[in-house]
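In: Coordinates only, no sequence provided:
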């Protein structure tokens, strides 16, 4: 018989200049019908009055705590800060451009009660402005580390993904993780300013031997990339390629690292040549910066690899690759924007 209890869940939301999304997001979150939760908002040095708005509109709510940072340290660092200040046994991470349904937490936490080998769960994500269209039902990256469109994205929701199933990793827009596992695998990598931090975390969770699952009975609506529309393509390209290669170096066994890391390196350098020939100005610089960052920080990256391989890994890559995509189309036109 499944144990019925209501452990404290800490909901961590990172905000950066997302004032326009906060009223809908926080109103829906605070109306969550799960009885035992706290909300931690980490503000990454917003300049749009977000902190004052939160204090004015929601400051009296005892569930809510604001952690203002002095500048934008990146999504991943801010999530780590939020988790470090949390009191919950479970951590729910949300983007600030989502609206949750009243019972979104119930389905996730009850599934984890029933499946103690599951460490992370993701709800069904639907588009906020087109609620019959799927935003994602789980991530399945390629064996080369590149993220593809989340499963089901842009498909009309006709119930085709209404079965619970294992996924490679949970989408960063909304997921629930056991707090002890978050620290067991080494929290999120703060060098992943944004892009792929969720897949990297999921990879390490799987290396530890835990399952990651999709739970369609939980529904969250997502204003896709609502707060990412203003990101400079230069920054997006830099972090995308840097993070792909770093993720492979950290997480693959040696034989598979040597086998697969060459492809993103070829795409990175090939794209650099093509951008130069087509007279793009800033994108080639971003690609060069990614290469130089990896070279400059290689010792730190290798130490992270040693930690993952010696202290985190419990299973072999063959079990991990079952949930990865074996084929992909290569294009030097790839701008590094990652998942849509």
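Out: Thanks, I have it. All values reported here derive from a predicted model rather than from experimental measurement. Residues are numbered from 1 along each chain as shown.
In: residues in contact with residue 286?
Out: Contacts were defined as C-beta atoms under 8 Å, 6 or more residues apart in numbering; by that measure residue 286 touches 233, 234, 235, 237, 238, 241, 336. Every residue, glycine included, has its C-beta placed from N, CA and C.
In: what do you get if the cut-off is 7 Å, keeping everything else the same?
Out: Contact analysis of residue 286 by C-beta atoms under 7 Å, 6 or more residues apart in numbering lists 234, 237, 238.
In: Of those, which is the most crowded?
Out: Using other C-beta atoms under 10 Å as the contact criterion, the top neighbour count among the contacts of residue 286 goes to residue 237, which has 27 neighbours.
In: residue ranges with poor pLDDT in the stretch 201-340 of the chain?
Out: In the predicted model, the stretch 201-340 of the chain carries pLDDT under 70 at residues 225-230, 272, 275-280, 328-340.
In: can you give me the helices for it?
Out: Counting by DSSP state H, counting those that start in this stretch, the segments of the stretch 201-340 of the chain that form helices are 233-251, 254-260, 262-277, 282-296, 298-307, 317-321.
In: Please identify the deepest-packed of those.
Out: Of all the helices of the stretch 201-340 of the chain, helix 233-251 carries the top mean neighbour count, a mean of 23, counting by mean count of other C-beta atoms under 10 Å.
In: What angle do helix 262-277 and that helix make with each other?
Out: If you take axes from the mean of the first three to the mean of the last three C-alpha atoms, to 10 degrees, helix 233-251 sits at 160 degrees to helix 262-277.
In: Helix 233-251 packs against which elements?
Out: With contacts defined as 3 or more C-beta pairs under 7 Å, 6 or more residues apart in numbering; DSSP states H and E, helix 233-251 has these neighbours: helix 197-207, helix 254-260, helix 262-277, helix 282-296, helix 298-307.
In: contact partners of it?
Out: Residues outside helix 233-251 that contact it (C-beta under 7 Å, 6+ apart) are 145-146, 191-196, 199-200, 203-204, 207, 257, 260-261, 264-265, 268, 282-283, 286-287, 289-290, 293-294, 301, 304-305, 308, 335-338.
In: about what we covered before: and the contacts of residue 286 as CSV, adding distance to residue 211?
Out: Listed next are these as CSV, based on distance: C-beta to C-beta, whole Å:
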residue, distance to residue 211
234, 38
237, 33
238, 33
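In: Tell me the one of the residues you listed nearest residue 79?
Out: Looking at the contacts of residue 286 and their distance to residue 79, the nearest is residue 238, at 20.0 Å (C-beta to C-beta).
In: give me the number of residues near the residue lying closest to residue 175 once chain neighbours are set aside?
Out: Of all residues not flanking residue 175 in the chain, residue 122 sits nearest, at 4.9 Å (C-beta to C-beta, 6 or more residues apart in numbering). Applying other C-beta under 10 Å, we find 30 other residues in the vicinity of residue 122.
In: Would you enumerate the residues in contact with residue 122?
Out: Remark: with contacts taken as C-beta under 7 Å, 6+ apart, residue 122 is in contact with 138, 167, 170, 171, 174, 175, 214.
In: In those residues, find the pair that's most separated.
Out: Comparing every pair within the contacts of residue 122 by C-beta to C-beta identifies 167 and 174 as the most remote, at 13.1 Å.
In: Pick out whichever of the two has more residues nearby.
Out: Per other C-beta under 10 Å, whichever of residue 167 and residue 174 has more neighbours is residue 174, with 27 against 23.
In: which residues does the more buried one bridge with?
Out: Under DSSP bridges, the beta-bridge partners of residue 174 are residue 94.
In: Checking residue 151 next. Helix, strand or coil?
Out: For residue 151, the reduced secondary structure class is coil; criterion used: DSSP: H, G, I helix; E, B strand; the rest coil.
In: Do you know the pLDDT at it?
Out: At residue 151 the predicted local confidence, pLDDT, stands at 89.
In: now swap in the one 4 residues further on and tell me
Out: The predicted structure scores residue 155 at 95 on the pLDDT scale.
In: Helix, strand, or coil at the closest residue to it other than its chain neighbours?
Out: Nearest residue to residue 155 in three dimensions, chain neighbours excluded: residue 134, at 5.0 Å (C-beta to C-beta, 6+ apart). Using three-state DSSP, the structure places residue 134 in strand.
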